[in-house]
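> could you work out the structure for the sequence below:
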Amino acid sequence: MEILELGQKARFEAKEIPLPSSKSESNRVLIIDALTEGQNQIHNLAEARDTQTMIRLLQTNPPIFDVLDAGTTMRFLTAFAAATNQNKVMTGTPRMCQRPIGILVEALRSIGAEIHYMNEEGFPPLAIHGMKEQSQNRVKIRGDVSSQYISAMLMIAPTLPLGLEIELEGKVGSRTYIEMTLQLMEKFGVSHSWEDNLISVKPQKYQSGTFSVESDWSGASYWFSLLACADEGTFFLKGLKEDSLQGDSEIVRIMENFGIKSTFKEGGLLIEKQQVKGISHIDFTHCPDLAQTVAVTCAIIGQKVKFTGLESLRIKETDRIFALQEELAKFNAELKEVEPDIFEVIPSVTMPSEVQIHTYDDHRMAMAFMPLLTKTKVKMEDPSVVNKSYPSFWDHCESLGIQMQKS
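Residues are numbered from 1 along each chain as shown. Predicted coordinates for the structure are as follows:
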């Protein structure tokens, strides 16, 4: 356990933060690279454990793909192994084996893949026995559970003999992640059409090319939050682009309401503390990974805000809705379900002198609650969980004057 404290008042003067590379972009481009005939030049891959796990498994190609706790790696490699006609066992940590994968398995089975559950139906571990031939070229996938299932199918689509049509059923969540996948495929020469709820990809070859991964907007969100909770300050976030492929760039618009002015400069983004405007409702349907960060920010700075689009949070690294409710309560804040699927952040009015945060084996819980140290002493259980996506996170905190000591 680490104790986090500021060695100064909550003021940050013109600090530059070298953000990590995007895990989402990295993991997609690694699968595309593996499916490409020819040599790609891929630069600036993420240091995140999820991405490093993907790299290791693709390079060594063991008979068992143990993805540890990496959800995207599990889903993307499941589709990859099936489409490339490999025999693989897919497994991971105990929590990974509690995260559903049935929708993706059924989609792959429907086009000819042979996949068996080795334990509980609908969950890893899986035994994959390849795809001898493609049986059909159209699948239906629910759009409201996880966009990673859809992205996994899309990336293998051009390599299939018949191509693939994906009919999205119901409300489509995390649409920006699907768009990111399609835009990355386009950068490697693959075209598609998307009309209404039908995405079509004809059989075609990925073209080799050069690609540099952008800095991670999810990682950037924690510095937006820290500044919003601080008394004053300025950060320069290196490597962010105005024309980003990442849906989490929505943090710019969201945090404008909480007093953060953003200005794109050469080499990154300047963010500055200003007056809070306030907002009554935020929809996280297409950027669910921002929900924890924004919820904690609202609870700290006294903003009562309604949240929607949180449905997918229950099947992440932990049940993030439950985890938020438990940890917010420790400093007298709430995330209350006021109507079905509508939640309201009720901010803290009295702050205890010390708060101990449980991280639930979830990297985003640790990083989202870090800004609480602007108001009180924070004890952080298992801070190393950040290695999943942002291994240098605590180093960057220390560079800002945040003092860390073991309890």
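> residues making contact with stretch 103-120?
Contacts with stretch 103-120, where a contact means Cβ atoms under 8 Å, 6 or more residues apart in numbering, come from 75, 78-79, 82-83, 89, 97, 122-137, 139-142, 145-146, 148-149, 152-153, 160, 164. C-beta: built from backbone N, CA, C; applies to glycine.
> just stretch 181-189 next, same as before
In contact with stretch 181-189 (Cβ under 8 Å, 6+ apart) are residues 25, 28-29, 32, 36, 40, 150-151, 154-155, 158, 192, 194, 199, 201, 204-209, 211, 245.
> would you write a ChimeraX line that selects the buried entries of the residues you listed?
A single ChimeraX command selects the buried members of the contacts of stretch 181-189 (16 or more other Cβ atoms under 10 Å):
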select :25,28,29,32,36,40,150,151,154,155,158,192,199,201,206,209,211,245
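> quick check, F224 in contact with S249.
No: applying Cβ atoms under 8 Å as the test, F224 and S249 come out as separate, 11.1 Å apart.
> more neighbours, the two?
Under the criterion of other Cβ atoms under 10 Å, the comparison of F224 against S249 puts F224 first, with 27 against 23.
> how close does T350 get to V276?
Going from T350 to V276 by Cβ to Cβ, to the nearest Å gives 20 Å.
> of these two, who's got more company?
Here T350 and V276 are set side by side on neighbour count (other Cβ under 10 Å), and the busier one is V276, at 15 against 6.
> tell me which residues touch the residue positioned nearest the centre of the chain, please.
Nearest residue to the geometric centre of the chain (Cα atoms, centre = their mean): D289, 5.3 Å. D289 makes contact with S218, D248, R364, according to Cβ under 8 Å, 6+ apart.
> helix/strand/coil for it?
helix (DSSP: H, G, I helix; E, B strand; the rest coil).
> would you map the helices across this structure?
With DSSP state H as the criterion, the chain has helices at 23-35, 49-60, 71-83, 102-110, 147-156, 175-187, 217-229, 251-256, 291-301, 320-328, 363-369, 393-399.
> could you dump the ones you listed into TSV with mean pLDDT and distance to I17 added?
Output for the helices of the chain, formatted as TSV (pLDDT from 0 to 100; distance: least, Cβ to Cβ, whole Å):
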stretch	mean pLDDT	distance to I17
helix 23-35	97	17
helix 49-60	96	20
helix 71-83	97	24
helix 102-110	97	35
helix 147-156	96	28
helix 175-187	96	23
helix 217-229	97	6
helix 251-256	98	14
helix 291-301	98	15
helix 320-328	96	24
helix 363-369	96	13
helix 393-399	94	6
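> so where's the stretch 301-407 of the chain uncertain?
Scanning the stretch 301-407 of the chain for pLDDT under 70 picks out 407.
> M351 contacts K375, doesn't it?
Yes: counting by Cβ under 8 Å, M351 does reach K375; the two are 5.1 Å apart.
> list residues touching both of those two?
F331.
> pick out whichever of those two has more residues nearby.
K375 (18 against 14).
> and that one, how far is that from I300?
K375 is 6 Å from I300, by Cβ to Cβ.
> same check, this time on K377
Counting by Cβ to Cβ - K377 and I300 are separated by 14 Å.
> cool, and T359?
For T359 relative to I300 (Cβ to Cβ), the value is 18 Å.
> ok so, going back, which neighbours do K375 and I300 have in common?
C229.
> contact partners for K88?
K88 makes contacts with P63, I64, F65, L77, A81, A127, I128, as judged by Cβ under 8 Å, 6+ apart.
> ok, the first one touching N87?
Okay, so that is P63. Yes: with contacts counted by Cβ under 8 Å, P63 reaches N87, the gap being 7.3 Å.
> quick one, which of those two is more surrounded?
N87 (11 against 8).
> those strands in the stretch 101-250 of the chain, which residues are they?
113-117, 126-131, 138-142, 164-169, 193-195, 198-201, 210-212, 232-238 (DSSP state E, counting those that start in this stretch).
> ok, and what's touching the fifth one?
It stands for strand 193-195. Contacts of strand 193-195 (Cβ under 8 Å, 6+ apart): L182, I199, S200.
> okay, and the beta partners of the last one?
Here S200 sits in beta bridges with E165, S193, as judged by DSSP bridges.
> I'd guessed it sits against V190; true?
No: with contact defined as Cβ under 8 Å, S200 does not reach V190; the gap is 11.7 Å.
> please identify which of those two sits among more neighbours.
Taking other Cβ under 10 Å, S200 and V190 do not tie; V190 has more neighbours (23 against 17).
> give me the neighbour count for G233.
Residues within reach of G233, counting by other Cβ under 10 Å, total 19.
> ok, it - contacts?
Contacts of G233 (Cβ under 8 Å, 6+ apart): A10, R11, F12, E13, K15, L227, E272, K273.
> identify the farthest-apart pair in the residues you listed.
Spanning the widest gap among the contacts of G233 are A10 and E272, at 14.7 Å by Cβ to Cβ.
> mind giving me the PyMOL command for buried ones among the contacts of stretch 103-120?
Applied in PyMOL, the following selects the buried portion of the contacts of stretch 103-120 according to 16+ other Cβ under 10 Å:
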select buried, resi 75+78+79+82+83+89+97+123+124+125+126+128+130+131+134+137+139+141+142+145+146+148+149+152+153+160+164
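> could you find the closest non-adjacent residue to V276?
Spatial nearest neighbour of V276, chain neighbours left out: G259 (4.1 Å); criterion: Cβ to Cβ, 6 or more residues apart in numbering.
> any idea how many residues pack against the one you found?
G259, neighbours per other Cβ under 10 Å, totals 18.
> tell me the contacts of it?
Residues in contact with G259 (Cβ under 8 Å, 6+ apart) are A228, K273, Q274, Q275, V276, K277, I301.
> do F123 as well
Counting by Cβ under 8 Å, 6+ apart, F123 has contacts C97, Q98, R99, P100, I101, G102, Y117.
> also M367?
G219, Y222, T293, V386, Y390, F393.
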